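Engineer: coords please:
(2 chains)
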2 protein chains.
Amino acid sequence: MRLDLNNIRAAHERIRPYIHHTPVLTNSRLDKASGASLFFKCENFQKVGAFKARGATNAVFSLDHATAGRGVAADSSGNHGAAVARAAKLRGIPSHIVMPSNSVNVKVRAVNGYGAEVVFCEPTQAAREAACADLIANTGATLIHSFENEDVMAGQGTAAVELLEDVPDLDFVMCPVGGGGLLCGTVVAAKSMRPKIKVVPVEPVNVDDTAQSFRAGRRIVTKKKFTIADGLRTNVGVLNFPIIQRYVDDIVTVSEEAIISAMRRIWETMKIIVEPSAAVPYAAIAEHNIDIVGKRVGIILTGGNVDLDALPWMPAR
Amino acid sequence: MRLDLNNIRAAHERIRPYIHHTPVLTNSRLDKASGASLFFKCENFQKVGAFKARGATNAVFSLDHATAGRGVAADSSGNHGAAVARAAKLRGIPSHIVMPSNSVNVKVRAVNGYGAEVVFCEPTQAAREAACADLIANTGATLIHSFENEDVMAGQGTAAVELLEDVPDLDFVMCPVGGGGLLCGTVVAAKSMRPKIKVVPVEPVNVDDTAQSFRAGRRIVTKKKFTIADGLRTNVGVLNFPIIQRYVDDIVTVSEEAIISAMRRIWETMKIIVEPSAAVPYAAIAEHNIDIVGKRVGIILTGGNVDLDALPWMPAR
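Structural biologist: The predicted structure is shown next:
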């Protein structure tokens, strides 16, 4: 396996000129409500508004010159697409982003703004994969997968490195899990830097394939229900699951109501904008789905890209 | 005049245990759009969600023991009331907050949460003053005026002190102006610490009594139209206007549309929650109502308390 702390530190050096060292915020009200000390790593303040800038930048800047020159491609409902488009622009190479036709407006605008070619397709996994295969065949571009890519995982792990450098004595690290790119980078970085730390990801119960897989001891692909946490709708990756199975301490699930309530609570209390996926770990804390009383808990707030015209608590239009 | 840098520094020492030294954020997109370097002093992250915590805490902790024991009172549509209630709780004395019956819910809840007695009244200046006078007569409490009070002004000035300590080489400082408490503290602190700095407050054009007064050279009381910037609906204070007239470089006004657009732009770009009043200075920049190209500009983001069920860009319910 290539993913280790050395790779993650090398990724950090590679991407440092292009990303923010994001702040860690605390909040006395949320501490009081939880009975713990919470340290929020604000990747909503990251470039492109999400931690995805880390992995995509590492993957794009890890390509050799000739390969990079043929361009890069990504299949992404949002933040990863914007992150690949931005990284390609920074490296001066073409990018092609496949997006489902039902993507959130603010995310489409972000990708367009970085000068990428946007290829819309039907919002099915099959249509997305077909569109990706077509454009790679036509352009020679390299696919940057959003989580089944070790350079991407290593890049995502740099958020945990910064968090543990800034707050060394954490008892827990929590993050959401979708495909598992962030989680793999996070758990490898965190367990390497602080072996006794517990890493507990959280998943919406409506898309709980990772939790089911973790309990079964084998990767299970589930039929997905809707979740407001649009960044987490994917199944856990084939490359990602063995790392998760090996290193993660537990996986907790949360309801849709808990996610929306947690998102709103973070907005009102911390005065920061986080997207639904980013509120998923705090939802588990607010619902007392994890015992962290008296502990020091790092939480990766993964992103802040939301459509302000369609907030989950607004009446339907 | 009692308001000088020494008083402001003394206020800072007095309130330091009870307030946050708030961060200064920058944003490359907003810099690019403005052609300037913008430094946002995030008082939306302050205790009670607004800079008002500074002035109220200084005023409450400046009272002598016997006076403080009789309690404090405030007449406030929101943030100042919460700030006085919190300061009183910290000092262990009673507080009574007069609030207009049309106050924003989130602000009423905040005041209640600090254990204050809330006294509702009709939303007119006369009714508010009468309710205040009554409760002071009945309780012996001391009125903490939200801007016509030199301890309050000195406390508000501590935000500019922190801003200029963190970013010493600013060319401009901008803040909104309502009653003038923040502006007086800011201009005295900023001009004392850095005499060549320009201090340019911004006012909604619908409540532009301070701008009119500044141009006329005398305090003018105007009939107010509606503004979304609910913190700025008041007339400039009698104690405040002479300080403003003497030290401020210019006053700029902005439309309601510009305020709403600026607020949304800050939310989307910086991923932070600011209330409409806090967006007023950036509205002037976005509308090119002030020439700051190539300059380093400090902007006080005054607060982040908004009703998430009634955002200005939502359809009316």
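
Engineer: which part of the stretch 101-250 of chain A gets nearest to chain B, residue-wise?
Structural biologist: A:V106 (7.0 Å; Cβ to the nearest Cβ). Bear in mind the C-beta positions are built from the backbone N, C-alpha and C, glycine included.

Engineer: wasn't that residue part of a strand?
Structural biologist: No. Applying DSSP: H, G, I helix; E, B strand; the rest coil, one finds A:V106 to be helix, outside a strand.

Engineer: surely it meets A:N305?
Structural biologist: Yes. Counting by Cβ atoms under 8 Å, A:V106 touches A:N305, with 5.7 Å between them.

Engineer: who has more neighbours out of these two?
Structural biologist: A:N305 (25 against 18; other Cβ atoms under 10 Å in any protein chain shown).

Engineer: which ones are touching the closest residue to that one other than its chain neighbours?
Structural biologist: Among residues not flanking A:N305 along the chain, A:G49 sits closest, at 4.4 Å (Cβ to Cβ, 6 or more residues apart in numbering or on different chains). Residues counted as contacts of A:G49 (Cβ atoms under 8 Å, 6 or more residues apart in numbering or on different chains) are A:79, A:82, A:110, A:303-305, B:271.

Engineer: state the distance from A:G49 to A:G157.
Structural biologist: Distance, A:G49 to A:G157, by Cβ to Cβ, to the nearest Å: 19 Å.

Engineer: and whichever residue of the stretch 1-150 of chain A sits closest to chain B, how many neighbours?
Structural biologist: Taking Cβ to the nearest Cβ as the measure, the point where the stretch 1-150 of chain A comes nearest chain B is A:N44, at 4.6 Å. Residues near A:N44, counting by other Cβ under 10 Å, number 25.

Engineer: contacting residues for the closest residue to it other than its chain neighbours?
Structural biologist: Once flanking residues are discounted, A:N44 sits nearest to A:G304: 2.9 Å by Cβ to Cβ, 6+ apart. Contact analysis of A:G304 by Cβ under 8 Å, 6+ apart lists A:44-45, A:49-50, A:272-275, A:278, B:271.

Engineer: contact residues of the stretch 1-150 of chain A facing chain B?
Structural biologist: A:23, A:25, A:44-45, A:49, A:106 (Cβ under 8 Å from any Cβ of the partner chain).

Engineer: how about a cut-off of 7 Å?
Structural biologist: Proximity of the stretch 1-150 of chain A to chain B (Cβ under 7 Å from any Cβ of the partner chain) is limited to residues A:23, A:44-45, A:49.

Engineer: can you give me the strands in chain A?
Structural biologist: Secondary structure of chain A (DSSP state E): strands at A:24-25, A:37-42, A:72-75, A:95-100, A:117-121, A:142-143, A:172-174, A:198-199, A:202-204, A:252-254, A:296-301.

Engineer: please state the offset of the third one from the chain centre?
Structural biologist: Offset of strand A:72-75 from its chain centre (Cα atoms, centre = their mean, to the nearest Å): 17 Å.

Engineer: alpha carbons only: can I get that strand in PDB?
Structural biologist: This file holds the C-alpha atoms of strand A:72-75, laid out as PDB (Å, rounded to 0.1, in the frame of the first residue of the first chain):
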ATOM      1  CA  VAL A  72      -7.400  15.700 -16.800                       C
ATOM      2  CA  ALA A  73     -11.000  14.600 -16.300                       C
ATOM      3  CA  ALA A  74     -13.300  14.100 -13.400                       C
ATOM      4  CA  ASP A  75     -16.700  12.700 -12.700                       C
END
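
Engineer: any idea of the pLDDT on A:A110?
Structural biologist: Per-residue confidence at A:A110 stands at 82 (pLDDT).

Engineer: neighbours around it, how many?
Structural biologist: Other residues near A:A110 number 22, with proximity taken as other Cβ under 10 Å.

Engineer: could you verify my assumption that it touches A:A50?
Structural biologist: No. Between A:A110 and A:A50 no contact is recorded; they are 9.7 Å apart, counting by Cβ atoms under 7 Å.

Engineer: around A:P168, how many other residues sit close by?
Structural biologist: 10.

Engineer: let me know the pLDDT of it.
Structural biologist: So A:P168 comes in at 96 (pLDDT).

Engineer: do the same with the one 4 residues further on
Structural biologist: pLDDT, A:F172: 98.

Engineer: kindly report the same for the one 4 residues further on.
Structural biologist: At A:P176 the predicted local distance difference test score is 98.

Engineer: how close does the closest residue to A:P176 other than its chain neighbours get to B:L164?
Structural biologist: Nearest residue to A:P176, sequence neighbours excluded (Cβ to Cβ, 6+ apart): A:V280, at 4.1 Å. The gap separating A:V280 from B:L164 is 40 Å, by Cβ to Cβ.

Engineer: try A:R218
Structural biologist: From A:R218 over to B:L164 (counting by Cβ to Cβ), the distance is 60 Å.

Engineer: ok, the two, which is more surrounded?
Structural biologist: A side-by-side neighbour count of A:R218 and B:L164, using other Cβ under 10 Å, places B:L164 first with 21 against 10.

Engineer: how far away is the more buried one from B:I292?
Structural biologist: Counting by Cβ to Cβ - B:L164 and B:I292 are separated by 17 Å.

Engineer: what do you get for A:K107?
Structural biologist: Counting by Cβ to Cβ, the gap from A:K107 to B:I292 is 31 Å.

Engineer: so between those two, which is more surrounded?
Structural biologist: For A:K107 versus B:I292, neighbours defined as other Cβ under 10 Å are more numerous around A:K107 (26 against 20).

Engineer: spatially nearest residue to the more buried one (excluding sequence neighbours)?
Structural biologist: That would be A:G78: by Cβ to Cβ, 6+ apart, it lies 3.6 Å from A:K107.

Engineer: also A:D250?
Structural biologist: Once flanking residues are discounted, A:D250 sits nearest to A:V200: 5.0 Å by Cβ to Cβ, 6+ apart.

Engineer: pull the contacting residues for that neighbour.
Structural biologist: By Cβ atoms under 7 Å, 6 or more residues apart in numbering or on different chains, the contact set of A:V200 is A:172, A:174, A:249-250, A:252, A:290.

Engineer: re the thing from before, contact partners for the residue of the stretch 1-150 of chain A closest to chain B?
Structural biologist: Counting by Cβ under 7 Å, 6+ apart, A:N44 makes contact with A:272-274, A:278, A:301, A:303-304, B:271.

Engineer: so A:F214 touches A:Q245, yeah?
Structural biologist: Yes. Applying Cβ under 7 Å, one finds A:F214 in contact with A:Q245, separated by 6.4 Å.

Engineer: who has more neighbours out of those two?
Structural biologist: A:F214 (22 against 16).

Engineer: the closest residue to the more buried one other than its chain neighbours and chain B: what is the separation?
Structural biologist: Closest residue to A:F214 apart from its sequence neighbours, by Cβ to Cβ, 6+ apart: A:I251 at 4.8 Å. Distance of A:I251 to chain B, computed by Cβ to the nearest Cβ, to the nearest Å: 27 Å.

Engineer: compute the number of surrounding residues for A:I251.
Structural biologist: Residues contacting A:I251 under the criterion other Cβ under 10 Å number 22.

Engineer: cool, and A:A33?
Structural biologist: When counting by other Cβ under 10 Å, one arrives at 14 neighbours for A:A33.

Engineer: any idea how far A:V293 is from it?
Structural biologist: Using Cβ to Cβ, A:A33 is found at 11 Å from A:V293.

Engineer: now A:P100
Structural biologist: Between A:P100 and A:V293 the computed distance is 41 Å (Cβ to Cβ).
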